[in-house]
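>>> How does the following fold in three dimensions:
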Amino acid sequence: MKHVKVLILVGMAALLAIGLYWWWHHNTIYPSTDDAYLQANILSIAPQVGGRVTEVRVSENAYVEAGAVMINLDTATLQAAANTAQAQFDLATQSAGASGSSVAVAHARLVSVTAALTEAKALFGLGVVVAPILGPAVGAYLHPLGIDPQSSAGASELASPS
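This next block holds a predicted model:
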């Protein structure tokens, strides 16, 4: 009788161990949750300057590395702003040398135009958009203004002149 109780106890422990193993194995293959929350990294991609997109170098959900060029912007307006600032700089430099009586005014103008030229050259250098992190590219962020060209609303927005 004593041996029967021990065998029953060992059998119950073995069944419990087999059941726990099956439950653990099943949960590793088929995970589930009651709260249904997902974690994801959302990343907005935007250029530091505005302009028309001339070339998209990645496709939807393509794997990109940090620093990779994703799109190119048209730099014609930025080049025009840089040329205008350069012309104003040259004009201010000439007026500073020509007028001895208004040296202080010309110098102040020269300083402000030099700052404008520096800013215009910096903006001209930002004619590309690079990937800020390593990861997949998402198409909605690759289009200017975040318009989805695949949707009917996005197609009408793209067709209308800005």
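
>>> Helices of this protein, start to end?
Here the chain has its helices, by DSSP state H, at 2-29, 76-98, 103-124, 152-159.

>>> nearest to Ala62, of those?
Smallest distance to Ala62 across the helices of the chain (C-beta to C-beta): 20.1 Å, for helix 152-159. In short, each C-beta sits where N, CA and C put it, glycine included.

>>> picking that back up, now that we have the helices of the chain, can you turn them into a markdown table and tack on mean neighbour count?
Listed next are the helices of the chain as a markdown table, based on neighbours: other C-beta atoms under 10 Å:
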| stretch | mean neighbour count |
| --- | --- |
| helix 2-29 | 9 |
| helix 76-98 | 15 |
| helix 103-124 | 15 |
| helix 152-159 | 12 |
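
>>> Hmm, Ala82 and Tyr120 touching each other?
Rather than Tyr, residue 120 is Ala. Yes: contact criterion C-beta atoms under 8 Å: Ala120 and Ala82 qualify, at 4.3 Å.

>>> out of the helices of the chain, nearest to Gln48?
helix 103-124 (7.7 Å).

>>> other SSEs contacting the closest one?
Here helix 103-124 touches helix 76-98, going by 3 or more C-beta pairs under 8 Å, 6 or more residues apart in numbering; DSSP states H and E.

>>> Okay then, goodbye and thanks.
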